[in-house]
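# what follows is a predicted structure for the sequence shown.
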Amino acid sequence: MMNISVMIKFMSLCVVALSMGGVNSWAEAELPLEPTRAVTFESDEGTWMSLDISPDGKAIIFDMLGDLYALDSAGGQARPLTSGMAFDTQPVFSPDGGKIAFVSDKSGAENIWTMAVNGTDLQQVTFQETERALFSPEWSADGKYIYASLFRADLHGHGLWRYKADGSGGGEQIFKIKTAGGPQSVTGATPSADGKYLYYAHLSGGLEFDHVVRWTINRRDLNTGQDIVLVAAPVSRLSDPAGGSYFRPVPSSDGRFLAYGLRYDGKTGLRLRDLKTGEDKWLALSLQQDQLQASHIQDILPRYSFTPDNDALLISVDGKIKRLDIKTSIQKTVPFKVDVSVALGPDLRRDIKLETGPVQARLIQEPEQSPDGKRLVFSALGKIYIMPLKQGAVPSLLGAISLPAYQPSWSADGKSIVYITWTAKAGGQVWSMSSDGSGAAKRLTQETDFYTNPVFGPDGKAVYVLRSSHAARLQNYMEYGPLRQGDLLKLSLDLASAEKIHSGMIGGELHFDAAGEKIYFLTPEGLQSLNLAVMLEAGQQQKEIQVVGPGWYFMEGVAPVDG
């Protein structure tokens, strides 16, 4: 499940996406919204807090509900460093302790900012104007650069960038998502204190959220550019039974130890590796829930930090800030209190009247005019309706169809209707019925599957329809999209037989040319056609046209139309 802070961040990204596109349907006011109210309360705990401790060990900084706070290292009353409508997260001290880097959307998009340790002297470091998520900022050892991961939805991965800390130049991409060996992702990159190495979590392959994928802990030599895998295979019999998924590496300042997170037995744990001896041991289990199976827009685990003496780790656990001793694994709470004041925009709630009478269909699906232009057939609420095309006409049900029915289409003479039925339990079939509703419906298919877009052939002797696996539709992570793996079938009305005439990624509404010789359908390459007279001969499939336009709001560049 997505934690509260990450959920708020995701909603913030959606608002950014809408504002970048000029959409303000949520309210009459223009975006960005101005604060008109605030939620205030006192708290001594927080959800998914990222934190850091100053190089001198005197102060702790952390995020809570989109604001940043400072705290004496012994605990006490937290002091606000940022406030307002901006969503500020993931603070980290510079090596000299003079500045704080953090992620904020105060410019209207996700960017890295810096400020003085008292919250003044704000400076923007990156200047992206898209809805891409930036996360896990970390200073270089010399304080001149800031590393951060950048999410690219169009490439389905996280790239790693390095930016000039003074904001004077663009970024340098350290790890590209798209490589010759396939996609990769890099998160939680952290330099060693001596500037020799860069530790990071690495994933080969595209991001997956429906199961635990195998992240490894890698290290790059910043002088030679050589990369090695430090943590990949199970480190003991108690390691992740899935084969290894490790993340959020944090090196100690003396270079001796490396702490990292992992998933074990459905819980999030923390281990410690001695980089000198190779010894690897458990520090804790049942920490803050990781984000392996959710969007990594604030990394897979919240930021945690070694104390300056490297004797302990500061980490958020169960809503508290804990000091975790690396020798004994004993956890001690660092108490804190926060006077929270979260700024909110206008109240966008609207009263909606709930009807209590008969259900009224306000959306008709797949309306199609009869060949003579006098009638209309459509589906609504899982029923097929037919009506005269004249003012004041009232729709009537087409026959006695017991199963949910959809996508009706006329025969060329207007005497018959073809449609599909489908339920999750019973699957789908293709049927035909007299357009006046008389007589029983005739089933045209023998196999139970998922059928769409049935149409009569030009001669009226066959029906053409798309078929895909019913089982795959039920088991897919997401619903079938506009294109899916399937077959184009020809169903004979007389013989009740099915002939497969094309297979592949296919979709769209089936239709014919004026002469009735070609059938058209959509593929990833655009609109394709088959010559019905010679459709079984090689080379008869032909690309007709491909139309491209702006992609969906998380996609860069153009994309083929899907209708």
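Yep, it's here. The structure presented is a predicted model; accordingly, all values stated were derived computationally and were not measured.

# surely Val117 meets Ala101?
No. Using CB atoms under 8 Å, Val117 is not in contact with Ala101; the gap is 11.4 Å. Any C-beta I mention is one placed from the backbone N, CA and C, and that applies to glycine too.

# neighbour count: those two, which is higher?
When Val117 and Ala101 are compared for neighbours, Ala101 comes out ahead with 25 against 18, by other CB atoms under 10 Å.

# the helix or strand that contains the more buried one: how far from the chain's middle?
Here Ala101 sits within strand 99-104, counting by DSSP states H and E. Averaging C-alpha positions (CA atoms, centre = their mean, to the nearest Å) puts strand 99-104 25 Å from its chain's average.

# that strand pairs with which strands?
strand 88-93 (antiparallel), strand 111-116 (antiparallel) (DSSP bridges).

# contacts for the last one next, please.
Contacting residues not belonging to strand 111-116 are listed as 81-82, 88, 94, 98-106, 121-128, 134, 137, 146, 148, 163, 165, 167 [CB atoms under 8 Å, 6 or more residues apart in numbering].

# which residues does whatever helix or strand comes next after that strand contact?
The first helix or strand that comes after strand 111-116 along the chain, using DSSP H and E, is strand 123-124. Contact with strand 123-124 is made by 107, 111-115, 166-167, as judged by CB under 8 Å, 6+ apart.

# following element in sequence after strand 123-124, please.
Counting by DSSP H and E, the next helix or strand C-terminal to strand 123-124 is strand 134-139.

# alpha carbons of that following strand, as PDB, please.
The C-alpha trace of strand 134-139 is given here as PDB (Å, rounded to 0.1, in the frame of the first residue of the first chain):
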ATOM      1  CA  LEU A 134      13.100  13.800  -8.500                       C
ATOM      2  CA  PHE A 135      14.200  12.000  -5.400                       C
ATOM      3  CA  SER A 136      17.000  11.000  -3.100                       C
ATOM      4  CA  PRO A 137      19.200  14.100  -3.300                       C
ATOM      5  CA  GLU A 138      22.800  13.600  -2.000                       C
ATOM      6  CA  TRP A 139      25.700  16.000  -1.900                       C
END
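
# hang on, the earlier thing: list only buried entries from the contacts of strand 111-116.
Neighbour-count burial (16 or more other CB atoms under 10 Å) applied to these gives 81-82, 88, 94, 99-106, 125-126, 134, 137, 146, 148, 163, 165, 167.

# can you show me the strands along the stretch 301-450 of the chain?
305-306, 312-317, 320-325, 331-334, 336-344, 365-369, 375-380, 383-388, 396-397, 405-410, 416-423, 427-434, 442-443, 450-456 (DSSP state E, counting those that start in this stretch).

# closest to Asp67 out of the ones you listed?
Closest to Asp67 of the strands of the stretch 301-450 of the chain, according to CB to CB: strand 336-344, at 7.4 Å.

# now the chain, which segments are flagged as low pLDDT?
The model of the chain has pLDDT under 70 over residues 1-32, 233-244, 535-540, 552-556, 562-563.

# find the residue at the geometric middle of this protein.
For the chain, the residue nearest the mean C-alpha position is Ser295 (5.9 Å; CA atoms, centre = their mean).

# would you agree it is in contact with Phe209?
Yes. The pair Ser295 and Phe209 qualifies as a contact (CB under 8 Å) at a distance of 7.4 Å.

# what does stretch 224-231 contact?
199, 202, 216-221, 244, 246, 249, 258, 260, 273, 280.
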